[in-house]
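S.K.: return atomic coordinates for the entry below.
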Amino acid sequence: MKRELFEFAGYGEAKLPARLWVPDGEVKAVLQITHGMTEHMGRYEAFAEYLCPMGIAVAGFDLRGHGANPGDPEVASFGEGGWAASIEDMQLFYEHLQRRFSGKPHFMLGFSLGSFLLREYLTKYPDEGVLSGAIIMGSGHQPGWLLSVMRWIVKGQIKKAGFDGTTDLVRQLSFGAYNQKFKPNRTSADWLCADEAELDKYLADPLVRKDISAGLFWELLGSMKRTGGAATYEKWNKKMPVLLLYGDHDPVGDFGKGVQRLYDQMKKAGIQNISFERFLDARHDLLHEEATRAESVRHSIVDWLVAYE
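M.R.: Numbering: from 1, shown residues only. I've put the predicted structure just below:
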């Protein structure tokens, strides 16, 4: 496996740190990953090491205001207009990989924050039969009225802290609300996974930002609302294979209920090929869950990728 670190030219001439893991032998397929909130692409090294021997190249870039990008090292933020720009970044990175691996099956995986970006990306760029499939992991579905109320509250926090700043209320409404489900808490991020060693590595990672900005949370809530109905999925390529993965202890997916609602909206819109897999006793970050669960997740992804290569 060869590891390449490079600077990717995103939308509006943004310079984004990117990673590419290339198999030593023939490249049979490409998996483009859009990572989750506050993390970075370096956390997918072990996953890439698992996929590369099977001929699957893995690539992704640190989202704006994340990882090695400039900005407050403690607070993840896209900046004003950054949500729409990030969707364009995904398309430009797709085009970059297409030039490098022309003719190879190309899949996209969106995790958590990345899953909502991917859901909107597939609405704006409905594939035209080019993408071989999409993996949506750690996602969910919340009632529109609730998202509207939360956006109104968070907009008030933007006035207090600025778009790229944060407040105690933003912390409580976002990660704090998720962590309450796992009291008594050992850490501030118990909701992510049950593997204590992996969780401690995450919390000690200098490239992981501890908080999210009021502006990014407001943008995320807006995306959750926009992608809440079947009208979003009616714009997708309905023949494209979709893999939905979730842990039944994941608060982002409302412990499975939100993912079921998402699946129902996709089916209602006429998406023809949806695989839907639940992982028992798993929390949000499936690829960093306890060893046996994480292995099951990796197996499921590989089996699905091979089926649609």
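
S.K.: helices of this protein, start to end?
M.R.: Listed in chain order, the helices of the chain (DSSP state H) span 45-51, 82-100, 113-124, 144-161, 168-171, 177-179, 196-204, 214-226, 230-233, 257-269, 291-308.

S.K.: let me have those helices in a markdown table, extended by mean pLDDT.
M.R.: Converted to a markdown table, those look like this (pLDDT from 0 to 100):
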| stretch | mean pLDDT |
| --- | --- |
| helix 45-51 | 97 |
| helix 82-100 | 96 |
| helix 113-124 | 97 |
| helix 144-161 | 96 |
| helix 168-171 | 96 |
| helix 177-179 | 92 |
| helix 196-204 | 96 |
| helix 214-226 | 97 |
| helix 230-233 | 89 |
| helix 257-269 | 95 |
| helix 291-308 | 93 |
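
S.K.: and residue 76, which of those is closest to it?
M.R.: Closest approach to residue 76 among the helices of the chain (C-beta to C-beta): helix 214-226, 6.2 Å. Just so you know, the C-beta spots here come from the backbone N, C-alpha and C atoms, and that holds for glycine as well.

S.K.: the closest one versus helix 82-100: what angle between them?
M.R.: Angle of helix 214-226 versus helix 82-100, following axes from the mean of the first three to the mean of the last three C-alpha atoms, to 10 degrees, is 80 degrees.

S.K.: pLDDT of stretch 52-60, averaged?
M.R.: Stretch 52-60 carries an average pLDDT of 97.

S.K.: when you give positions from now on, start the count at 177
M.R.: From this message on, residue numbering opens at 177, which makes the last subject stretch 228-236.

S.K.: can you pull the buried residues of it?
M.R.: 228, 231-236 (16 or more other C-beta atoms under 10 Å).

S.K.: so of these, which ones are in strands?
M.R.: 232-236 (DSSP state E).

S.K.: now render those residues as TSV, adding distance to residue 454.
M.R.: Compiled in TSV, those are given as follows (distance: C-beta to C-beta, whole Å):
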residue	distance to residue 454
232	24
233	28
234	24
235	28
236	25
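
S.K.: closest to residue 385 out of these?
M.R.: Taking C-beta to C-beta as the measure, residue 385 lies nearest residue 236 of these, at 16.7 Å.

S.K.: residues contacting the residue nearest to the closest one when sequence neighbours are not counted?
M.R.: Using C-beta to C-beta, 6 or more residues apart in numbering and skipping residues adjacent in sequence, the residue nearest residue 236 is residue 209, 3.9 Å away. Applying C-beta atoms under 8 Å, 6 or more residues apart in numbering to residue 209 gives the contacts 217, 220, 234-236, 284-287, 290.

S.K.: who does residue 209 form a beta bridge with?
M.R.: residue 285 (DSSP bridges).

S.K.: in terms of pLDDT, where does it sit?
M.R.: On the pLDDT scale, residue 209 gets 98.

S.K.: any idea how far residue 474 is from residue 262?
M.R.: The span separating residue 474 from residue 262 equals 26 Å under the rule C-beta to C-beta, to the nearest Å.

S.K.: more crowded one of these two?
M.R.: For residue 474 versus residue 262, neighbours defined as other C-beta atoms under 10 Å are more numerous around residue 262 (27 against 16).

S.K.: residue contacts, that one?
M.R.: Residues in contact with residue 262, defined by C-beta under 8 Å, 6+ apart, are 187, 239-240, 254, 293.

S.K.: go with 6 Å
M.R.: Counting by C-beta atoms under 6 Å, 6 or more residues apart in numbering, residue 262 touches 239-240, 293.

S.K.: just send those residues back as CSV, with distance to residue 423 and neighbour count too.
M.R.: What follows is the contacts of residue 262, written out as CSV (distance: C-beta to C-beta, whole Å; neighbours: other C-beta atoms under 10 Å):
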residue, distance to residue 423, neighbour count
239, 22, 28
240, 27, 24
293, 20, 25
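
S.K.: a markdown table please, covering these and showing distance to residue 468.
M.R.: Supplementary listing: the contacts of residue 262 in a markdown table, determined by distance: C-beta to C-beta, whole Å:
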| residue | distance to residue 468 |
| --- | --- |
| 239 | 30 |
| 240 | 35 |
| 293 | 30 |
